[in-house]
Every structure is written in structure tokens, then in C-alpha cells.
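> Compute the structure for the input listed below.
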Amino acid sequence: MKKAAKFFHGTKPLNLSRMKFLAVVFCSIVALFAHGANIEVCPSCEIKSLRDALKVSQPFDVINIKSGVYIDHAIELTMPLTLIGEKGSVLDGGDQGEILTLHADSIIIKGLTFRNVGLSYTKDWAGISSDRVKGCRIENNTFEKTFFGIYLRKSEDCVVSGNYMDGEAEQEMTSGNGIHFWYCKNMLVENNQVLRHRDGIYFEFVKHSIVKNNLSKNNVRYGLHFMFSDNDDYLNNTFEDNGSGVAVMYSNFIKMNNNRFIENWGPSSYGLLLKEIKDGEIKGNEFYRNTTAVFGEGAMRMDISENVFTYNGWAIKLLSSCMENTVTHNDFISNSFSVFTNASRSYNSFDENFWSEYSGYDLDKDGIGDIPHLPVSLFTFIVEKCEPALLLMRSNFIGLLEIAEKAAPAITPEALVDNKPRMKPLWQ
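Numbers count the residues shown, from 1 in each chain. Next up is the predicted model:
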């Protein structure tokens, strides 16, 4: 006993993160070696429906669903199972409600088509939903007219990958979201195509999760919508032709890197909307032909760097509530307006950016302009006060006003200046 006590006294206790890691490894090994029966479902088989297959299944069974249309809804999975759909296998909700609801951990769903969930004004019906599950995998499925495509609640360690989703939404009030997470953590959303929903991807109270390599296109409201979600990353995604590209609201420590924001046009449309967000990173993104590429309200300590802004209406709008943000090493090329702020002072720093409208020179050939650049133009202020003034854009009259304002700034914030404008773009 004394030797044992001495041994344990001299051994370092396992910390919590290591214990959690070992638990995950153990669960993965158990799942890997837990072999169940194979159950076949087809119109001519003994078992003709998924619901019948669930009656005879045991934990970790594999249910193979053969080609055919299976009309059913409100199917509940209450044990760890793998559902594999053959090409042409369709679970059709008949416009009556939710199709699958997950109530158990370690459920895998692959290769199925989910169709015709139906519209509800009181319930968030989905092709697949979950309630308090861990380790689910929803991969390589197709969702057609499913109102909400995938809706996971209070779940963690799940993967949503390789799915194709077309909601056929036309109006915000009559449509749901493609991929919707609520109170989740450690989630992965990758390689999905999400089309024609209200929001393509929606995170609400979601922590420590990743969204990468997705296409979110033609959605009525947002391609991606974050609310009250911290420590998340979205990387290498494309947000194209949505009501607005991405909205990140009331969230902290978000990384938004190497994404493409393309053709998000409309009267109040943004490539990226930042509202009450702190300590995030916007790096290496492409903003092409958006009404406003980046709009910030209450954005604090954001690193906006190495992005390219091309052919946007407004490249960046930072309201006076935005402070301590750094805008560095970006390319501003052929935008109607590069920067706008309603603040009389500068609370943010702009350094070493390329501005296509810069008219300075570089006599010492160090790649940095010899005179500072004021990116906020007088005409920007005029248009903000009176939109019809856009008719005067490129006119000689406006050109003269701009020259006078640069010589003796009276309206534009003189302190908002790039003291080291680059002579060549970073992206070439």
C-alpha cells in the first residue's frame, strides 16, 4: 500500500483537457469496433420502410435504404445507427412535417435525399433535426424543399459535410434556413452547397465551431448569419448573390479568412456586416461587386488585413461606434467609394494599403507613396446625405470640389489617413 501511495503521489494527475481527449478517443474506438447487423430497406424487400426497419434494429446497426420514394415524416432515431442511402433513395415528408429527428449520439446519415418537409409558421420543421446529441455525422445528402434543411439543437461534436441543399425560397417570411445550429459547440460545417433559403447557414449561441469550403448562394437574407457565437472560424467559403453575404452580430473572437464575397447587391445589402463584434480577424478575403463590402457598427479591435476590394459600391463603412480597428495591407481597386465614416475623428488606423485612386508619387522607389492618402472623399458625404447626387458622379464639378477638399479639409475627417499608401497591389 505504501508503494502504491508513493507511486500515485509522484504521478501527475490528468488535466481536464487530456481526460476529455482520452474520452473522445475511447468513444471513437468503441464506435469503430461496434459492429451491428445490416438491414435492407426497399419496396420489394421484407422491410419496406425506414420506420419498419427501426422496429427491428439494435444499436450500431446499418440500415441500407435502396432506391425508391419512401413517404413518411416524424421519424425518430433513438439509438446510434448508420443510415446509408443508395442512389435514388428519397425520404419524402409529403409536406406534412419534419422527416428525421435525432435523439441519440453517434448517428450517421449518408447518401439520402430529403424532400417536401412542408411550410409551418409555428414550428421549425426540418429534413433532419436533433435534440441534445453528440457525434452525429450528416454527409453527402440532398435536401429539396425542406423548409429548414438541417436544424441541430443543443448538440456537439457533429459534422455536416458534402450536402446539397435547395430550399427554393422566394420570401423571408415563408422560408427557413439551410443549416441551423442553436446552442451547439465543436461543430464542423464543410463542403456543402446551400441555395435558396432564408439564411444559408445560421449560428446562434454556437461556440468553438468551424465553417469552411462551403458555397452559400441565392439566399433571401444572409449567406451566413452569426448571433451570440464566440470563438468560431469561417474559412474558404463563397457567399454569392445573397440578400447580404454574411452578418456577424454580438460575437467575439471570430476568424473570417480566405472567403469570397461576390455579387451581394441590394438597397441595404452587404458583403460582410459587423455589428457589436470584438477581437476578430478578417484576412485574405475577396470582396467583389457588393453594394457595401464591409459595414461596421460597434466593431472593436478587428484586424482587417490582406483583403482585396474590387468594384464594390462602398468598400468599407465604419461608423463612429467602431474603434481600435486596424486596416492594413489591403487592396482597394476601382470601388465607387473606398471608405466612409460618420465620425469627425479617426478611431481606427489605416496603413500600407493600396488605393487605385491614389495620385501620389514614390520618388525614393521604396514602394510606399511619399505623400499620405485621404481615403474618405467629400462626394461620399454628399451621397450619404442625398443619394440622387450619384447622378453627378465623375462630373467636373465634383472633381473640383474634391480637389478643394483635399487641399483644405473641412468636412472629411483629416485624421483618417493612410500615411504609407502602397504603390502596387498586394494581390496581383
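> Am I right that Tyr250 is in a helix?
No. Membership of Tyr250 in a helix is not supported by DSSP: H, G, I helix; E, B strand; the rest coil, which gives strand.
> quick one: it from Phe114, how far?
31 Å (CB to CB, to the nearest Å). All C-beta atoms are positioned from the backbone trio N, CA, C, and that covers glycine.
> These two - which one has more neighbours?
Phe114 (27 against 15; other CB atoms under 10 Å).
> What is the three-state secondary structure of the closest residue in space to Gly68 that isn't next to it in sequence?
Residue nearest to Gly68 in three dimensions, not counting chain neighbours: Pro43, with 4.8 Å by CB to CB, 6 or more residues apart in numbering. What three-state DSSP gives for Pro43 is coil.
> Neighbours of Pro43, how many?
11.
> residue boundaries of the helices in the protein?
For the chain, the helices defined by DSSP state H cover 2-9, 16-33, 50-56, 378-385, 396-407.
> hey, least reliable of the ones you listed by pLDDT?
Mean pLDDT per stretch puts helix 2-9 lowest among those, at a mean of 38.
> so what's Leu235 up against?
Ile210, Val211, Lys212, Asn213, Lys255, Asn257, Asn258, Asn259 (CB atoms under 8 Å, 6 or more residues apart in numbering).
> returning to what we had before: now the residue nearest to Gly68: how far from Asn231?
For Pro43 relative to Asn231 (CB to CB), the value is 47 Å.
> Equivalent analysis for Leu54, please.
37 Å.
> Looking at the two, which one has more neighbours?
Neighbours per residue (other CB under 10 Å) separate Leu54 from Asn231, with Leu54 holding more: 20 against 14.
> wait, that one sits on Leu77?
Yes. In this structure Leu54 lies within contact range of Leu77 using CB atoms under 8 Å: 7.1 Å.
> what sits against Gly127?
So Gly127 contacts 91, 93, 98-100, 114, 117, 141, 143, 146, 148-150 (CB under 8 Å, 6+ apart).
> Please apply the same query to Met79.
Ser57, Gln58, Pro59, Ala104.
> For these, which single residue is the most surrounded?
Neighbour-wise, the contacts of Met79 (other CB under 10 Å) top out at Ser57, 20 neighbours.
> Look up how far His208 lies from it.
For Ser57, the distance to His208 - CB to CB - is 33 Å.
> Any stretches of the chain with poor pLDDT?
For the chain, the stretches with pLDDT under 70 are 1-35, 377-414, 428.
> Enumerate the beta-bridge partners assigned to Ser244.
Legend: beta-bridge partners of Ser244 under DSSP bridges are Tyr222.
> Go ahead and confirm Glu98 touches His73.
Yes. Here Glu98 reaches His73: they are 6.3 Å apart, a contact under CB under 8 Å.
> Spit out the residues that contact the two alike.
Shared contacts of Glu98 and His73 (CB under 8 Å, 6+ apart): Val117.
> neighbour-wise, which of the two wins?
Glu98 (25 against 19).
> From Asp124, how far off is the more buried one?
The value you get for Glu98 to Asp124, if CB to CB is used, is 9 Å.
> Likewise for Glu281?
Taken as CB to CB, the span from Glu281 to Asp124 is 32 Å.
> With Ile47 instead?
For Ile47, the distance to Asp124 - CB to CB - is 30 Å.
> These two: which is more packed in?
Ile47 (18 against 15).
> show me the contacts for Pro421.
Glu352, Asn353, Phe354, Trp355, Tyr358, Gly360, Ile368, Gly369, Pro372, His373.
> now, which of those sits nearest Tyr183?
When these are ranked by distance to Tyr183 (CB to CB), Asn353 comes first, at 39.3 Å.
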